[in-house]
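K.L.:
The amino acid sequence is not available; the structure is as follows:
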DNA sequence: CCCGGTTACTTGAAGTTTGAAGTAACGGGT
DNA sequence: ACCCGTTACTTCAAACTTCAAGTAACCGGG
């Protein structure tokens, strides 16, 4: 199927401790390898953050993400916007909203300009608690990347930005123009 | 709606079509921004692949990943190894295995050397079908990254490798040496 | 005004994933 | 041979997620 190898001096170590990347083999093409490596890195960080959020605060990652989104928007967000930002389905946001409202993190209001829309925002208690968690959350990430050379980190950030710009233009369902600066 | 702008030379477009990255802001530290960008890229690719697998083959991403893992190991894999490679919980692998066995993709055998262990492998039908899907799957990725400059792609791949190497050493629960060539 | 298309959200069923607790098997030390 | 700690897997409840179908509200023409 894939008649190639010859491209790695670093032979893949087999399965132990390699995670999803172990799926990549010399016969795979670079596109697949890039995707698997991307997924692998992302999953590893995610697992750590998820576990810590649960241990330290008894909160789940989806809820934290939801709250993080709201924290940046003191005036609240429409559920629709939240759905897009979190990159999940509408039904998911509906359920998360119910739960977060029930637990006192978030409050709902109807958009006066469009009665279809619901606007959610943090309660003052929710904001206070979230900021407390967020501060620690950030330190976890700093610690995770600590020792990862700054130059490489910045370069990685930059390259991910390019990839993001390359991927984003697909499915411009709403308004908003894409600038393509570089 | 968003009473703030002015913080980067590349101004963030607001919320529209920005996904998870919209969470990053000028006040966030670089560690958080890197994580969010990584997650954003990963999620975007994942959504596309997931949707196509469902449309074209009526299969889910977790099942495809499971099969991909097995395809590379004609002699089969222990569930434990699979759990580590897929980076999911054991319970999840147990359930996936049940389903894939029930649907004829996979067959189970008890490891003669360790009666606790189950070894799973593709059925011949499963292998044939998987290879058919995998060929198309690879083309989707090629197409996704098509137009993304080769130099940037290779650089990104390289930097992700560094990040991966930086993250991996946490929790070396099993054997297996890490080579660290470069 | 009203009709038809679109958008915003909700509902419900099916599926995935996790974390914690439980069972069984291994293996080294005594 | 018997413990004891570890490992492999299973089970189960709870949480998350998706998809598809449904309801309600908007909006632009006729």
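P.N.:
Right, received. Where do you want to start? Predicted, not measured: the structure shown is a model, and the values here were computed from it. Residues are numbered from 1 along each chain as shown, chains lettered A, B, ... in the order given.

K.L.:
For stretch A:95-104, buried residues please.
P.N.:
A:96-97, A:100 (16 or more other CB atoms under 10 Å in any protein chain shown). The way it works is simple: take the backbone N, C-alpha and C, and place the C-beta from them, glycine included.

K.L.:
quick one: low-confidence ranges for chain A?
P.N.:
A:1-28, A:169-182 (pLDDT under 70).

K.L.:
can you pull out the helices in it?
P.N.:
Applying DSSP state H to chain A gives helices spanning A:30-57, A:61-71, A:79-86, A:90-102, A:124-145, A:150-167.

K.L.:
can you put the ones you listed in a markdown table and add distance to residue B:105?
P.N.:
Formatted as a markdown table, the helices of chain A follow (distance: least, CB to CB, whole Å):
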| stretch | distance to residue B:105 |
| --- | --- |
| helix A:30-57 | 20 |
| helix A:61-71 | 30 |
| helix A:79-86 | 32 |
| helix A:90-102 | 28 |
| helix A:124-145 | 36 |
| helix A:150-167 | 30 |
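
K.L.:
picking up where we left off before, and the buried residues of stretch A:95-104 near DNA strand D, which?
P.N.:
Filtering the buried residues of stretch A:95-104 for proximity to DNA strand D by CB under 7 Å from any atom of the strand leaves residue A:96.

K.L.:
Let me know the distance separating residue A:146 from residue A:157.
P.N.:
15 Å (CB to CB, to the nearest Å).

K.L.:
from the buried residues of stretch A:95-104, which single one is nearest DNA strand D?
P.N.:
residue A:96 (6.2 Å; CB to the nearest atom of the strand).

K.L.:
do you know how far that closest one is from chain B?
P.N.:
15 Å (CB to the nearest CB, to the nearest Å).

K.L.:
What of residue A:92?
P.N.:
Counting by CB to the nearest CB, the gap from residue A:92 to chain B is 13 Å.

K.L.:
next one: residue A:85
P.N.:
5 Å.

K.L.:
who in chain A is up against DNA strand D?
P.N.:
Going by CB under 7 Å from any atom of the strand, the residues of chain A near DNA strand D are A:60-63, A:87-92, A:95-96, A:99, A:114-116.

K.L.:
is it true that residue A:145 touches residue A:154?
P.N.:
No - at 11.1 Å, residue A:145 does not count as touching residue A:154 under the criterion of CB atoms under 8 Å.

K.L.:
returning to what we had before: which of the residues of chain A next to DNA strand D ranks first by neighbour count?
P.N.:
Taking other CB atoms under 10 Å in any protein chain shown as the neighbour criterion, residue A:96 ranks highest of these with 23 neighbours.

K.L.:
Not counting residues beside it along the chain, what's closest to it?
P.N.:
residue A:66 (5.3 Å; CB to CB, 6 or more residues apart in numbering or on different chains).

K.L.:
Pull the contacting residues for the one you found.
P.N.:
Contacts for residue A:66 were tallied using CB atoms under 8 Å, 6 or more residues apart in numbering or on different chains; they are A:82, A:86, A:93, A:96-97, A:100, A:106.

K.L.:
for residue A:88, same thing?
P.N.:
residue A:62.

K.L.:
From residue A:69, how far out is it?
P.N.:
Taken as CB to CB, the span from residue A:88 to residue A:69 is 11 Å.

K.L.:
Which two among the residues of chain A next to DNA strand D are spaced furthest apart?
P.N.:
Distance extremes for the residues of chain A next to DNA strand D: the farthest pair is A:61 and A:115 at 32.3 Å, using CB to CB.

K.L.:
Those residues of chain A touching DNA strand C, which are they?
P.N.:
So chain A meets DNA strand C at A:47, A:50-51, A:54, A:78-80, A:83, A:90-91, A:93-95, A:97, A:111, A:114, A:116-119 (CB under 7 Å from any atom of the strand).

K.L.:
Show me which of these are buried.
P.N.:
By 16+ other CB under 10 Å, the residues of chain A next to DNA strand C give A:47, A:78-80, A:83, A:93, A:97, A:118-119 as buried.
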